[in-house]
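Asks: kindly return the folded structure for what I paste below:
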Amino acid sequence: RATRHGEGVLIELAADAAFDPDTAAALIEAWLRRTHGVEEFAVRFIFGPPGGRSVVLRDLRGQAYAIHAERRDPS
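Replies: Just a heads-up that it's a prediction; the model follows:
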């Protein structure tokens, strides 16, 4: 099951289910199409250290904020 969670998507799996990237990507695809009508996108999974910070995630978050800011103020 995939639901919106803050600025991201929360993917919930059964406790006995192993994480399968293809299944998770299919969930995200279905969620984006159903809730936002998005047709073209890419899914990339990045796992940071448990309880720690990830430089890759920090940089991607910065890119996302820049895109959101540009869409709000296209001048």
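
Asks: now what about stretch 22-37, what contacts it?
Replies: Contacts to stretch 22-37, defined as C-beta atoms under 8 Å, 6 or more residues apart in numbering, come from residues R1, A2, T3, R4, V9, I11, V38, E39, F41, V43, F45. C-beta coordinates here come from the backbone N, C-alpha and C atoms, glycine included.

Asks: where is the longest helix in the protein?
Replies: Across the chain, the helix with the greatest residue count (assigned by DSSP state H) is helix 55-72.

Asks: quick one: contacts for H68?
Replies: Contacts for H68 (C-beta under 8 Å, 6+ apart) come out as none.

Asks: run through this structure and note the low-pLDDT ranges.
Replies: For the chain, applying pLDDT under 70 flags the ranges 2, 7, 48-52, 74-75.

Asks: tell me how far G37 lies from Q63.
Replies: 23 Å (C-beta to C-beta, to the nearest Å).

Asks: between the two, which one's more packed in?
Replies: Taking other C-beta atoms under 10 Å, G37 and Q63 do not tie; Q63 has more neighbours (10 against 7).

Asks: and the strands in the chain, which stretches?
Replies: Counting by DSSP state E, the chain has strands at residues 2-5, 8-11.

Asks: can you lay out the ones you listed as CSV showing distance to F19?
Replies: Converted to CSV, the strands of the chain look like this (distance: least, C-beta to C-beta, whole Å):
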stretch, distance to F19
strand 2-5, 13
strand 8-11, 9
